[in-house]
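Participant: the following block contains a protein sequence and its predicted model.
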Amino acid sequence: MGNGKLLHGGDYNPEQWLKSPDILKRDLELMRKARVNLVTLGVFSWSMLEPEEGKYDLDWLGEIIDNLYAQGIMVDLATPSGAKPAWLVQKYPEVQRVGADRVRELYGNRHSHCYTSPVYREKVRAIDQALARRFRVHPGIVMWHVSNELGGECHCELCQAKFREWLKEKYATLDRLNEAWNSAFWSHIYSDWSQIESPAPHGEGAMHGLVLDWKRFVTSRTLDFYRMERDAVRELIPEAKFTVNMMYRFDGLDYAKFAPDLDIISWDDYPTWHKAGESDEDICLKSAMMHDFFYSLKGKPFWMMESSPSMTNWQPVSKVKKPGVQMLSGLNAVAHGADAVMYFQWRQSRGAVEKFHGAVVGHDGREESRVFCETAELGKALEQLAPLAGVPREREAAIVHDQESKWAMEGSQGPRNIGLGYWDEVMLHYRALQKNAVTVDFIGQDGDLSGYKLIVCPMLYMLREDFAEKLRGFVAKGGTLVLTYWSGVADETDLCRIGDTPFGLTDVLGLRRLEIDGMYEGEKRRCVSAVAGERAEAYGSVLCEVAKSETAKPILVYAEDFFKGAPAVCVNRYGRGRAYYLATRFEPDFYSGLYRGLASSLFDLPITTPLPDGVLPARRGDWLFLQNTSGRTATVMRRRLQPYGTLIVNLKTKEKLIF
Amino acid sequence: MGNGKLLHGGDYNPEQWLKSPDILKRDLELMRKARVNLVTLGVFSWSMLEPEEGKYDLDWLGEIIDNLYAQGIMVDLATPSGAKPAWLVQKYPEVQRVGADRVRELYGNRHSHCYTSPVYREKVRAIDQALARRFRVHPGIVMWHVSNELGGECHCELCQAKFREWLKEKYATLDRLNEAWNSAFWSHIYSDWSQIESPAPHGEGAMHGLVLDWKRFVTSRTLDFYRMERDAVRELIPEAKFTVNMMYRFDGLDYAKFAPDLDIISWDDYPTWHKAGESDEDICLKSAMMHDFFYSLKGKPFWMMESSPSMTNWQPVSKVKKPGVQMLSGLNAVAHGADAVMYFQWRQSRGAVEKFHGAVVGHDGREESRVFCETAELGKALEQLAPLAGVPREREAAIVHDQESKWAMEGSQGPRNIGLGYWDEVMLHYRALQKNAVTVDFIGQDGDLSGYKLIVCPMLYMLREDFAEKLRGFVAKGGTLVLTYWSGVADETDLCRIGDTPFGLTDVLGLRRLEIDGMYEGEKRRCVSAVAGERAEAYGSVLCEVAKSETAKPILVYAEDFFKGAPAVCVNRYGRGRAYYLATRFEPDFYSGLYRGLASSLFDLPITTPLPDGVLPARRGDWLFLQNTSGRTATVMRRRLQPYGTLIVNLKTKEKLIF
Amino acid sequence: MGNGKLLHGGDYNPEQWLKSPDILKRDLELMRKARVNLVTLGVFSWSMLEPEEGKYDLDWLGEIIDNLYAQGIMVDLATPSGAKPAWLVQKYPEVQRVGADRVRELYGNRHSHCYTSPVYREKVRAIDQALARRFRVHPGIVMWHVSNELGGECHCELCQAKFREWLKEKYATLDRLNEAWNSAFWSHIYSDWSQIESPAPHGEGAMHGLVLDWKRFVTSRTLDFYRMERDAVRELIPEAKFTVNMMYRFDGLDYAKFAPDLDIISWDDYPTWHKAGESDEDICLKSAMMHDFFYSLKGKPFWMMESSPSMTNWQPVSKVKKPGVQMLSGLNAVAHGADAVMYFQWRQSRGAVEKFHGAVVGHDGREESRVFCETAELGKALEQLAPLAGVPREREAAIVHDQESKWAMEGSQGPRNIGLGYWDEVMLHYRALQKNAVTVDFIGQDGDLSGYKLIVCPMLYMLREDFAEKLRGFVAKGGTLVLTYWSGVADETDLCRIGDTPFGLTDVLGLRRLEIDGMYEGEKRRCVSAVAGERAEAYGSVLCEVAKSETAKPILVYAEDFFKGAPAVCVNRYGRGRAYYLATRFEPDFYSGLYRGLASSLFDLPITTPLPDGVLPARRGDWLFLQNTSGRTATVMRRRLQPYGTLIVNLKTKEKLIF
């Protein structure tokens, strides 16, 4: 879609400025200066496109698209279902969502529609087809952007009925459902499908299997709605391409289920740059991790669909990006596989909720503003980096992320209700790997393990039988597995595994789990080397699992509490490979050590000498990015990097670029 | 109304004691001892005045009023609309408020009526007129106290309809309303008036213009209800005087809109004396600031309608006032323009929610109690200070407070959602001025600037065009303006100003705003003197605005971060005056320095040497009050002040009084 | 019921495993190994016992009971009303509770039924009688366990009507009710019974008398429901015995009202062993205090009906019990009067909300697990301790706990809304007494004072007239009374006492209260010895009461603030006894000192030399328990105690047992 270019642009909402033709004209001029080649149009335009039911006014949009195209700017055209007109809700109140408290929402905000409502589906399909009909032959439209930041759930009667249908299809009989949910506990055996209700604060919340299935259903419902929109367009434009914009660590949907239905993965990245108490390196790594996550969904380049060129307005504190950070941020996305660097939004709104969200063009409209200048500079850089467009990443290591397992684990009561810190755990592994320039993918339990040398399973609570089998094969054939505490606990309906655990892997790991102890905030357990005389030391926290080693060789053992001597880290040879087991959560240094060793033995690393503090590596194809995330200058490969500067090296040609 | 006296008394609720005639008799005796000359009657009497619908029993009240009058005690007679009888709600449930969640309140607590309800208005009018008819010729009634602590809002269908009417009157066309609210954002264009709903947690909340107009509407509705009550009485007693009791930093109403309709401003003052972590000086200043605020509403003496002679029962911790603090508190009110010092309540209730709220007469009924003795002493002091009754204050400096601007600023998302600390900012300016014995008024954007030499605009986010014009004229003619960051950002419907800002004042200030950076709790930016070699230093926090100076002369500049060198404080000559610009929030010392300089050059100050720690000055006419807010003795003007003691000096006669 | 044995066992929920006969068989085998002799059956079995309305299937349960009995295991048979089948709620939605927000609950969780609902009562009665009919002659059933952890309240129209009936019965006339609630305040006079509604977040909450009566009504309603169930069984089995399982510091019910209707008191003990920031000694004392509390309800041995053999799943952090703690915990219960040590639950559930709650048999099913081994050891110990079964405790000291007084005090606004810390206050007295091996009972105001030498009244806010009379007699006849601040404030409907206080005891105490000052978190007032030259010192916090001593002799006086010199602790001789008054809350050391003195002068203590840190004494009949609550070894009576070990000494025979 990029036609050999990296894409640059953002959400463009001209419907807010239709009465100011001078501003619309100025937009085109400024876009040229900022080297914009793609804009997202129409996200919030429904009211303007269909001011009255069934009366479409698409001409203004056509004119905008034509003007953009005339200037070489392509369009990512949104279906407008993410924000609906007032008349629609007034006439059909049933299109509004019903909350878990069973109260129907009033008109307001953005997302508040029921994904089941036949009326809503009909109206969305109609406007989508009106757009498709009108713009089917326009060469400027390169992508369809379905709705906006999908999310939310509805508990209306129609959705309840769909939920019951979904359950019937899944379980066929109530007997199986009762079994799967262990509904005998607390005497909750269902004797009729219609007794089942979605979770509610004043109703069910304790039946873990139900709660988990509800989350799955919400994903399935949302995906169904997406498909309805996609098909509405595809009927008229068979060759149309589709994306939806996803979100950072979003817990409401299992994005993995969407990937096969999308042509391009895209997501909205809003890091909290310069947050007090957190280093910019860590903030950068958090975004990088999500870039890798979204790259992995289809295993191919993605679009960073939104980002703020300056501050956001919804974070607790709105901090502006320091000079250079926009470049850092944009190139970081590219380094991790982005083919597009896009902003929300092009021109700052005058009023309403996001009026203080950063934009390329601010309220003062000045092109000499710092934000505009930095945007234009980044635009120039992206042109220079055109050869990177479409370039894929290596397959080296994979971290297993399974959204359903996360839901199940976090939906359970115990062993630590003040928080399990799932993403913190994931980050510990990711950070250590990434800082060693290992390319990290994120895969689910349906994922393909081929090509990877290292698989990391952080807290894989709901380890499936088939995946355990895959892991067994992976290790047997020479792969390296790292698996942590609180893995292999429950099955797909959150029934605990009966018998020894970690389920399915006790022989691969050479041990079985005995107990797990929750730790209070700040509580720690000292661990020491299992080899007498060696001085290694680490501290366990959050959860301390006690296991009984059978064949596993301890590396670290607990040095405190009644589980003193039990393995804290151990390794087991299995077939031609090795399986590491981590019984608790350590401080970051531990992972640095562990993965430095593993990375250097498993991979052909592009850098082998330590990088200066704050400099992060990332590799995409032949290109190695070295990014200075700190506010100080740094020297890498004998080049001086400005604060937040980036050095890009072509590993083949040795070409070097500095930004 | 004071007839040359300062007033002393409080809320008297004899309906709780009608079955104990001995107690009622004892009340009169104790009132004489405490030198009470005014009581508020009837606030919570409706159930007793109209035990059944339409059946009035006013005789008991008449007898109370007669007995009081016989003893020279005047009455501030309440209309009882602030707390209604159970029968009324039972028979007409529609008089109850509907919350933002669209749930109608049940009977309970105090304020829970709809200001629109025709039935409620009819019943209130009837009881008000019954009272007026009965007591119209009673010489003891000197004031009508309409309802009680007005506040709250109703979202019932009747109120929704009124809101739409109000909007129609304001905007005439939906086009104008859509424009004013920038409703194109998020596709919220209204195509029918009936689509508009008041804000709701499960509905609209993101349309800033709507939320702001709703708040204005609530003030208008409440004022309309007040007028209905006032007119009910006035029809029968054309010469009646009216007040409503207002509250500390109350955010629910724009009190400025009420002032023209009131004869006397009154308010309820409940400082948190002896609060851990806060000095009594600051606590005293907070009350003083509100006294000045309420004085300014009409620019004339006000009544402190309620205060606790001891502890409150509703603060997180109920602390008793230390010996002397009641005197300090009462005289502080007088110093800042009060003509009445009143308590809630005269006799402590036996039961229900306020039974542990302090009262002049406690549960033990003893007149030797510390509270009673201190009340009686204050009564004596007020008699001595009779010459102060009606004496007005000087016009020196004014702080601009605009409730609508505050609503708009705080209703916006960004730039610092963890809090903007509006009142903290105001307090920094007030404290520094007040401690220099400058008399400070609070004016709105409709205010009259004449007579002031100094105008301070702290965070005047919604600076109106006409007020910018006034300020321009004020400075041009020689006035001194101090304006802070986050001023002149938005217009009256919270649309951001397009073009350079601070709106309307860039030439007066000699600069334009570039960016604004939110600061985390505890984060600070160092600022230093703009003059090389000078050692001034200060720290910016909360929000750091970056401006580009055109003609303004920097005084302090940022010394850190990417905005290093940008002006933190500057001054610009404009016409015959000067305009100061403060780009961030500093620590208190900075303001002491700034305003010590400004005060000594602009005003003829009654004191010029520094006062001991904890001693606060205040001036009313020829009278200078010097109050020791500390628990230690202090020496001022060669007089020794006890802990919490007050020295009053007549600047003309040199007469000195010590309390 | 124990037939000379201590009971050991727990909740057994075989309905979760009916499809796995091997597991049921294995259960019997493991129970034998763990020396289980009692299980609770049927708590969550309703769905299985009555799968369709009116169709009972009790055979599976009969078989289980028979199998248990064959092995000598007795049954505590639950009525299943604590968790109802889905079909019941589907068919009769009116059985569900209505919350204070007036929203009816949906099916879910456990407790959600209305105690008034005629349908629910009918269905419960039917299943109870079906069980009674079937098992009336079964010798294995030794106890009926009515429902489960009774609690909650319903605000449906039926309950409102019952509430009004209850009020009518209590007050007879509205006049009396209005008087009792002081409803004249805030004009809330009720003129019709139907105007009265239960408290609601959007309705009444400020009428303290109403709120208090509502809480009483809830207890009365719940007790009525219990009686209905009991009578359903008793009709068919006149000799049946009954218990309900109660909870730790449960505030929802006045358990004292239940005691006369129960045959055995039982409760569920879930201490937070090894909680960060709290010593295991204190955690043990908290359980011990509740054991004593529940013992006192009937003044005879009780059952610890539930406890976790390992972790819980619902506390913020799930910590496993360290080795030995299960023994410590079980023997602590016995020491304080338990005749049964029971667990929840026997076998860990596979799924649903409590799947991670500890159980005797875990998911891995292994009998070599630490939990199983420790359970079996405790089983053995309990067999050894059979002579303790049924042995009562001494009458030495009593702490007065009155649930209604607590409700009233905590329901009031002021004097410290951030918390009064009632249980903390109680604990200070309890800890000091208990550590001196004094046997402590908890009695209400209906309690019998005979036999006690020391009565402690911590914060007895609502001191009744009759109880004041009893205390007067108690002291006059030589008893020792300790009474704290905030006692004798209000009467039974929470009307403040008019006149001097502490009500009814000013002469016994030799003083009267003047004021009470709330203290912020961390605020303290220094107190010193009243005798010049003596060096005693203590710090008051939370609330500082100021009293005027008439005949009382000060021991400590305040040394700070305006109440400097006022008594902080004093003692008054009255008749042949003495009354101590504590004006504030001190740190723990103060109480150690106070009660060491009192204990050694009043009681014949079984130990007189100080015990090592962490060792707690407790006495039951002739048996003295010395328990090491620390993780270190300790030496007592020349015996070495392991961490968490227990020494039991027969004071008569000198026999010593170590566990």
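Facilitator: On my side now, so go ahead.
Participant: which helix in chain A runs the most residues?
Facilitator: For chain A, the helix that runs over the most residues, judged by DSSP state H, is helix A:208-236.
Participant: the next helix or strand after that helix packs against which elements?
Facilitator: Later in the chain than helix A:208-236, the nearest helix or strand by DSSP states H and E is strand A:242-243. If contacts are counted by 3 or more C-beta pairs under 8 Å, 6 or more residues apart in numbering or on different chains; DSSP states H and E, strand A:242-243 sits against strand A:141-145. C-beta coordinates here come from the backbone N, C-alpha and C atoms, glycine included.
Participant: which neighbouring elements make contact with the strand it packs on?
Facilitator: Judged by 3+ C-beta pairs under 8 Å, 6+ apart, the packing partners of strand A:141-145 are strand A:74-78, strand A:242-243.
Participant: mind checking pLDDT for the nearest residue to A:Glu587 once chain neighbours are set aside?
Facilitator: Among residues not flanking A:Glu587 along the chain, A:Tyr539 sits closest, at 6.0 Å (C-beta to C-beta, 6 or more residues apart in numbering or on different chains). What the model reports as pLDDT for A:Tyr539 is 98.
Participant: what's the separation between A:Tyr539 and A:Pro588?
Facilitator: As judged by C-beta to C-beta, to the nearest Å, A:Tyr539 and A:Pro588 stand 11 Å apart.
Participant: the two - which one has more neighbours?
Facilitator: Counted by other C-beta atoms under 10 Å in any protein chain shown, A:Tyr539 and A:Pro588 do not tie: A:Tyr539 has more neighbours, with 18 against 13.
Participant: helix/strand/coil for the more buried one?
Facilitator: For A:Tyr539, the secondary-structure state derived from DSSP: H, G, I helix; E, B strand; the rest coil is strand.
Participant: quick one, what contacts it?
Facilitator: Counting by C-beta atoms under 8 Å, 6 or more residues apart in numbering or on different chains, A:Tyr539 touches A:Lys524, A:Arg525, A:Arg526, A:Cys527, A:Phe586, A:Glu587.
Participant: filter those down to just the buried residues.
Facilitator: For these, a burial check counting by 16 or more other C-beta atoms under 10 Å in any protein chain shown picks out A:Lys524, A:Arg525, A:Cys527, A:Phe586.
Participant: among the residues you listed, which lie within strands?
Facilitator: Secondary structure from DSSP state E places A:Arg525, A:Cys527 of those in strands.
Participant: so which of the buried ones among the contacts of A:Tyr539 comes closest to chain C?
Facilitator: Chain C lies nearest to A:Lys524 out of the buried ones among the contacts of A:Tyr539, by C-beta to the nearest C-beta, at 10.5 Å.
Participant: grab the nearest non-local neighbour of the closest one.
Facilitator: Using C-beta to C-beta, 6+ apart and skipping the chain neighbours, the partner closest in space to A:Lys524 is A:Tyr539 (4.3 Å).
Participant: any idea how far the one you found lies from A:Val440?
Facilitator: For A:Tyr539, the distance to A:Val440 (C-beta to C-beta) stands at 25 Å.
Participant: what of A:Lys564?
Facilitator: Distance, A:Lys564 to A:Val440, using C-beta to C-beta: 34 Å.
Participant: of these two, which one has the most company?
Facilitator: Shown here are A:Lys564 and A:Val440; by other C-beta under 10 Å, A:Val440 has more neighbours (26 against 13).
Participant: tell me the confidence at that one?
Facilitator: In this model, A:Val440 is scored at 98, pLDDT.
Participant: quick check: it touching A:Tyr430?
Facilitator: Yes. Using C-beta atoms under 8 Å, A:Val440 makes contact with A:Tyr430 at a distance of 5.9 Å.
Participant: overlap in contacts, the two.
Facilitator: In contact with both A:Val440 and A:Tyr430: A:Met289, A:Asp292, A:Ile399, using C-beta under 8 Å, 6+ apart.
Participant: beta partners for the last one?
Facilitator: Spelled out, that is A:Ile399. Beta-bridge partners for A:Ile399, by DSSP bridges, are A:Phe442, A:Val456.
Participant: next, the contact list for it, please.
Facilitator: Listed by C-beta under 8 Å, 6+ apart, the contact set of A:Ile399 reads A:Val426, A:His429, A:Tyr430, A:Leu433, A:Val440, A:Asp441, A:Phe442, A:Ile443, A:Val456, A:Cys457, A:Pro458.
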